[in-house]
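> make a model of this:
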Amino acid sequence: MGNKRKFFGFLVMVFCVLACSVTAFAAGTSMKNKKWLSGQGGAYVDKDKDGELEYQDYGTSYYKIKIPKQGYMIVDVKVSELPGAGKYQEQENEDGFGEDTEEGSTFVNLLNSSKKTIYKNDNYFGSKSKFSFSWAVKKGTYYLAVGGSQKYKIRYSFTPVAKINKAGNRLKAAASLKKGVTVKNLLFDAEESHYYKINVPKKSKVTVSINSKIKETNLDMGLFLQLLVIRGNTYHFVDENGKILPKDDPVSWVFKGKDKCVCNLPKGTYYLRVGSYSTTGYYTLKWN
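Just a heads-up that it's a prediction; the model follows:
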């Protein structure tokens with residue numbers, strides 16, 4: 001009987017722990033727009049009171065974001081070494097384990113309202129002290145899942161975008177873009193592209209100006225632009241002089257913030273393909 005009681009008590013304890021974990025995840029720590037929050041992925045502690053530090057992993061922390069309307073957000077992260085990391089490394093070196101300094105790392109995953117991961121970001125390879133990424137969002141609830149082996153400060157900055165322009169989701173459905181008209185758009189899927197069509201009535205110098213809020217600082221990525229033409233039933237990439245390029249060697253312009261590309265194009269119809277290599281977000285585009 002005593003063993004049954006102990007086992008029952010153990011089950012109650014397990015269920016309580018699981019319930020608390022689920023509740024903590026479901027609730028999360030609420031974030032406010034443009035306000036920094038601090039945390040850390042673990043700590044170096046002397047568990048055995050023997051003067052030797054050991055690493056204690058704190059697991060993943062969840063932060064809740066409420067988006068009031070359509071727009072985009074920028075997530076900024078600042079990281080630093082955990083207290084005791086230097087002493088712990090000295091211990092490892094004295095014991096013959098590892099000779100390189102361990103700077104630690106931090107991951108930040110973006111989750112939707114169903115708590116499904118929709119984007120992963122980290123500083124594993126760059127070892128940067130700060131990093132950022134953008135994401136286009138609709139009204140609803142999102143979460144940031146954060147963990148690793150560093151101290152961190154994190155915030156999101158949300159900007160609403162009330163109206164966006166039409167864009168094609170494939171080449172033959174490209175939206176016509178008039179000269180001098182500014183397009184404002186949100187790219188909601190990093191695996192898809194937006195297509196626009198411009199008509200150049202005679203050989204001209206064409207300037208495409210873009211202001212991109214799409215960013216990923218770890219991989220140094222932004223928004224890309226490609227120029228294409230259709231010949232028969234086939235599309236071809238072209239360079240800044242309208243020269244047709246091999247399909248496996250297209251020219252791409254990458255924009256971070258405000259920038260432009262200048263092309264000298266023969267008379268014809270050209271297609272602009274706009275996309276991102278990793279994240280989503282907001283951009284404006286105009287040609288003259």
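> who are the contact partners of S204?
Under the criterion of Cβ atoms under 8 Å, 6 or more residues apart in numbering, the contact list for S204 reads 264-265. For glycine as for every other residue, the C-beta is placed from the backbone atoms N, C-alpha and C.
> and the pLDDT at it?
Reported pLDDT at S204 in the predicted model: 94.
> before we move on, what about G232?
According to the model's per-residue confidence, G232 sits at a pLDDT of 83.
> where do the helices sit along the protein?
Counting by DSSP state H, the segments of the chain that form helices are 2-27, 85-94.
> below-threshold pLDDT in this structure: ranges please.
In the predicted model of the chain, residues 1-27, 95-102, 125-127 satisfy pLDDT under 70.
> what's across from the spatially most central residue of it in the sheet?
The chain has F133 as the residue nearest its centroid, 3.9 Å off, counting by Cα atoms, centre = their mean. As for beta bridges, F133 partners with V75, E216 under DSSP bridges.
> kindly check the end-to-end length of stretch 229-239 for me.
Using Cα to Cα, to the nearest Å, the end-to-end distance of stretch 229-239 comes out at 11 Å.
> chain center to that stretch: distance?
Remark: stretch 229-239 is offset 32 Å from the chain centroid, using Cα atoms, centre = their mean, to the nearest Å.
> swap in stretch 215-228?
The answer for stretch 215-228 is 12 Å, by Cα atoms, centre = their mean.
> can you give me the buried ones in that stretch?
Counting neighbours by 16 or more other Cβ atoms under 10 Å, one finds that the buried residues in stretch 215-228 are 215-218, 221-228.
> for these, give me a markdown table that also has distance to K267.
Compiled in a markdown table, those are given as follows (distance: Cβ to Cβ, whole Å):
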| residue | distance to K267 |
| --- | --- |
| K215 | 36 |
| E216 | 37 |
| T217 | 40 |
| N218 | 42 |
| M221 | 34 |
| G222 | 31 |
| L223 | 28 |
| F224 | 26 |
| L225 | 21 |
| Q226 | 20 |
| L227 | 15 |
| L228 | 16 |
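> closest one of those residues to L110?
E216 (12.0 Å; Cβ to Cβ).
> quick check: that closest one vs T279, distance?
E216 sits 5 Å away from T279 when distances are taken as Cβ to Cβ, to the nearest Å.
> likewise Y195?
From Y195 to T279 the distance is 19 Å (Cβ to Cβ).
> residue contacts, I214?
134, 187, 222-223, 276, 279-283.
> which among these count as buried?
Of the members of those, the ones counted as buried by neighbours, 16+ other Cβ under 10 Å, are 134, 187, 222-223, 276, 279-283.
> can you redo those as JSON lines with distance to E54?
Listed next are the buried ones among the contacts of I214 as JSON lines, based on distance: Cβ to Cβ, whole Å:
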{"residue": "S134", "distance to E54": "38"}
{"residue": "L187", "distance to E54": "45"}
{"residue": "G222", "distance to E54": "42"}
{"residue": "L223", "distance to E54": "45"}
{"residue": "S276", "distance to E54": "42"}
{"residue": "T279", "distance to E54": "37"}
{"residue": "T280", "distance to E54": "40"}
{"residue": "G281", "distance to E54": "41"}
{"residue": "Y282", "distance to E54": "45"}
{"residue": "Y283", "distance to E54": "48"}
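> residues touching the nearest residue to I65 once chain neighbours are set aside, list them.
Once flanking residues are discounted, I65 sits nearest to Y142: 4.5 Å by Cβ to Cβ, 6 or more residues apart in numbering. By Cβ under 8 Å, 6+ apart, Y142 lies in contact with 64-65, 67, 110-113.
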